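A.B. asks: Coordinates only, no sequence provided:
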């Protein structure tokens, strides 16, 4: 798995949105699964990979596993958001 693949990159940016208050709720694996349009089992695989690489950590809240980015994960997520914004801006400029 590679951090630049679509689903891991989207997972990082969705968790970042949640951490920065863009989302009303904390993010859990099942919610992340729906946000990145992935099966639950594939999302768990992504989470395991990101945790192993040191980009996120899970925190148990009751019966749920809350997801939060580590500092390296947050840094990468911000860079990915910036790249995505640049691409969208360029694509918008070409269409105009």
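C.D. replies: Perfect, I can see it now. Since the structure is predicted, the reported quantities are computational estimates derived from the model, not experimental observations.
A.B. asks: Tell me how many other residues surround residue 66.
C.D. replies: 17 (other Cβ atoms under 10 Å). Heads up, the C-betas are built off the backbone N, CA and C, glycines and all.
A.B. asks: Who does it form a beta bridge with?
C.D. replies: With DSSP bridges as the criterion, the beta-bridge partners of residue 66 are residue 59.
A.B. asks: Hmm, residue 27 and it touching each other?
C.D. replies: Yes - with contact defined as Cβ atoms under 8 Å, residue 66 and residue 27 form a contacting pair (7.2 Å).
A.B. asks: which outside residues touch the helix or strand where residue 77 lies?
C.D. replies: Following DSSP states H and E, one finds residue 77 within helix 71-95. Residues outside helix 71-95 that contact it (Cβ atoms under 8 Å, 6 or more residues apart in numbering): 3, 9, 12-13, 15-16, 19, 50, 54-56, 69.
A.B. asks: same thing but 7 Å
C.D. replies: By Cβ atoms under 7 Å, 6 or more residues apart in numbering, the surrounding residues in contact with helix 71-95 are 3, 9, 12-13, 15-16, 50, 54-56, 69.
A.B. asks: now those: which count as buried?
C.D. replies: Buried subset of the contacts of helix 71-95 (neighbour count, 16 or more other Cβ atoms under 10 Å): 3, 9, 12-13, 15-16, 50, 55-56, 69.
A.B. asks: Ramachandran angles for residue 29?
C.D. replies: phi -50, psi -40 (degrees, to the nearest 10).
A.B. asks: number of nearby residues for it?
C.D. replies: One way to gauge burial is a neighbour count; for residue 29, by other Cβ under 10 Å, it gives 17.
A.B. asks: you'd agree residue 41 is in a helix?
C.D. replies: Yes - note on residue 41: a helix contains this position according to DSSP: H, G, I helix; E, B strand; the rest coil.
A.B. asks: How about the secondary structure of residue 3?
C.D. replies: Applying three-state DSSP: residue 3 is coil.
A.B. asks: residues contacting it?
C.D. replies: Residues near residue 3 by Cβ under 7 Å, 6+ apart: 9, 76.
A.B. asks: measure it to residue 28 for me?
C.D. replies: Taking Cβ to Cβ, to the nearest Å as the measure, residue 3 falls 21 Å from residue 28.
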